[in-house]
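*Asks:* here is my input; please provide its structure:
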Amino acid sequence: MKKRILGQGFEVSALGLGCMGMSEFYGPRDDTESLKVLARAVDLGVDFFDTADMYGPYHNEELLGRFLATSSSRPKIASKFGIVRAAGEYRRGLDNSASYARKSCEASLQRLGTDHIDLYYIHRIESDRPIEDVMQVLSELVAEGKIGHIGLCEVSAETLRRAHAVHPITAVQTEYSLWSRHVEAEILPTCTELGVGFVPYSPLGRGFLTGTFQVGNQFEAGDFRSHLPRFSQDNMKANLSLVDRIEELARDKDCTAAQVALAWLSAQGENIVPIPGTKQIKYLEQNVAALDVSLTAADLDRLSKAIATSPVVGERYTAEGMKGLDA
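*Replies:* Numbers count the residues shown, from 1 in each chain. All right, here's what the predicted structure looks like:
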């Protein structure tokens, strides 16, 4: 397994595993199969698992706790706090208070069955609360050994700079893919300047960039993509033009569209570690194999032109999901 270093010398596998979908948002869950996926990921050398307290809520951390309790290997765990939601509700609030940060960390440690979280993110930022306040308590948690590194999700460059001035930030996690490139304007250059790693979530566009969607597709019950603007029937029709171009290159490279999308992300910087999520071993294996796909300068130029001529239609989230973005 190839390795990459995020900020502060934090070394992880060049591809991580996003675990959210094992608990909700992408249809029914199957804990037995998910545990097999986690075990296979370790076998393949993936040592960077991503979770959060709000996935389930709580179920995802508990699932990883079950895995860690029986695994002889100890993958690095990234978790998050800051989004507050009730079970069964998509509606959420945000809480970055110092007291909530500490309480959330203690609860996550208990669910994971560990005394140390390798990377702990603020999941979403409260725009009216000074970032310095919560950074202070997170730095205390580092000093206490309860967390190893601090991360931020979906932040602005200004917030990253302010947080980094209090305590070094190891990673920023934000959506980034061939159909979500907003981070290239400010946040990626700032990460490079400050020596901060970048962890793209939804690197496959929530599955859209794999080429498995067509107009008229029906979603399973509980699949939140049915409510996302980019997956509406009208927008999907327009967005498929980009997928067609990705698939053309994939045929030329003798790989899958998903592997092209992941290889493109990895080529954007040595400090970038995508975390594609899956509930199936076959997709996990395909994603890991993307690390062996090499894109030439001509390939990258071809994709840039495809993006320029196939603009993406629709917001990333509903209005509720947009809370706390770029804060």
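*Asks:* any weak-confidence spans in the stretch 101-250 of the chain?
*Replies:* Of all residues in the stretch 101-250 of the chain, none has pLDDT under 70.
*Asks:* that one: helices as residue ranges?
*Replies:* With helices called from DSSP state H, counting those that start in this stretch, the stretch 101-250 of the chain shows them at 131-143, 157-166, 187-194, 233-253.
*Asks:* who are the packing partners of the second one?
*Replies:* Read that as helix 157-166. If contacts are counted by 3 or more CB pairs under 8 Å, 6 or more residues apart in numbering; DSSP states H and E, helix 157-166 sits against helix 131-143, strand 147-153, helix 187-194. (C-beta placed from N, C-alpha, C; glycine too.)
*Asks:* residue 293 is nearest to which of those?
*Replies:* Among these, helix 187-194 comes nearest to residue 293, with 21.4 Å by CB to CB.
*Asks:* okay, the angle between the closest one and helix 157-166?
*Replies:* Taking axes from the mean of the first three to the mean of the last three CA atoms, to 10 degrees, one finds helix 187-194 and helix 157-166 inclined to each other by 20 degrees.
*Asks:* what residues does helix 187-194 touch?
*Replies:* Applying CB atoms under 8 Å, 6 or more residues apart in numbering, the external contacts of helix 187-194 come out as 7, 155-157, 160-161, 164, 169, 172, 174, 196-198, 268-269, 271.
*Asks:* which residues touch the most centrally placed residue in the chain?
*Replies:* Most central in the chain under CA atoms, centre = their mean is residue 201, positioned 2.5 Å from the mean C-alpha point. When contacts are counted by CB under 8 Å, 6+ apart, residue 201 touches 18, 50, 173, 174, 175, 176, 275.
*Asks:* mind listing the strands for the stretch 151-300 of the chain?
*Replies:* Taking DSSP state E, counting those that start in this stretch as the test, the strands found in the stretch 151-300 of the chain are 171-175, 197-201.
*Asks:* hang on, the earlier thing: buried members of the contacts of helix 187-194 into PyMOL, please.
*Replies:* Of the contacts of helix 187-194, the buried ones go into a single PyMOL selection, burial set by 16 or more other CB atoms under 10 Å:
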select buried, resi 7+155+156+157+160+164+169+172+174+196+197+198+268+271
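*Asks:* quick check, nearest of the contacts of helix 187-194 to residue 28?
*Replies:* Nearest to residue 28 out of the contacts of helix 187-194 is residue 174 (CB to CB; 28.0 Å).
*Asks:* beta-bridge partners for that closest one, please?
*Replies:* Residue 174 forms beta bridges with residue 200, as assigned by DSSP bridges.
*Asks:* begin at 440 from here
*Replies:* Yep, numbering from 440; the last one is residue 613 now.
*Asks:* need the contact list for it.
*Replies:* Residue 613 neighbours (CB under 8 Å, 6+ apart): 592, 593, 594, 622, 626, 637, 639, 640.
*Asks:* take those and write them to CSV, including distance to residue 521.
*Replies:* Formatted as CSV, the contacts of residue 613 follow (distance: CB to CB, whole Å):
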residue, distance to residue 521
592, 8
593, 10
594, 11
622, 19
626, 18
637, 19
639, 19
640, 15
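*Asks:* out of those, flag the one nearest to residue 675.
*Replies:* Using CB to CB, these come closest to residue 675 at residue 640, 20.8 Å.
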